[in-house]
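J.: Take this sequence and fold it.
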Amino acid sequence: MELKQQYVGSCLCGEIQYAVHGPIGDLVQCHCQRCRKANGSAYAVNAPIAKADFRWLSGEAYLVRYSSSAGVERCFCRNCGSPIISIKVETPEIYRLRIGTLDTPLEQSPTCHIFAASKAEWDQIYDDLPQYATRP
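T.: Residues are numbered from 1 along each chain as shown. Have a look, this model is predicted:
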């Protein structure tokens, strides 16, 4: 039997802890205004994971859900504000994990920039990754 990779992560205050027992999809750097505001930075680094591979280890009671746009819920810690996942109504079996909350090192690198057309005016993209004006 093949063992699946396990990743663990947590919020800033440590109240919420989770595990991913499976692959983490492509790391995408999203520059849309909602991701910038939700993360307080130039972009968010998100990756799809299977809901079936995701487990709350502790602190699920600290999780707050916010509908940031039609069909999208952002889930974050009510104590420290760390964004953990987002869930799209159209694909409930897939979570979008906020990669900055991982405690396990990742060997993979980001694959692209999305919503680059709406990036912050003070932000510069210096790598050679593909850039998409919206979502490819």
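
J.: do you know how far the spatially most central residue of the chain is from Pro92?
T.: Centroid check for the chain by CA atoms, centre = their mean gives Arg98 as the closest residue, at 2.2 Å. Separation of Arg98 from Pro92 (CB to CB, to the nearest Å): 18 Å. C-betas here are computed from N, CA, C, even on glycine.

J.: Check Asp128 too.
T.: 34 Å.

J.: okay, now His21: neighbour count?
T.: 16 (other CB atoms under 10 Å).

J.: That one contacts Lys51, doesn't it?
T.: No: counting by CB atoms under 8 Å, His21 stays clear of Lys51, with 11.6 Å between them.

J.: For stretch 62-77, which residues meet the burial criterion?
T.: Residues Tyr62, Leu63, Glu73, Arg74, Cys75, Phe76, Cys77 are the ones in stretch 62-77 that count as buried (16 or more other CB atoms under 10 Å).

J.: Partner strands of the helix or strand harbouring the fifth one, with direction?
T.: Right, Cys75. Using DSSP states H and E, Cys75 sits within strand 72-77. Paired neighbours of strand 72-77 in the sheet (DSSP bridges): strand 63-69 (antiparallel), strand 83-88 (antiparallel).
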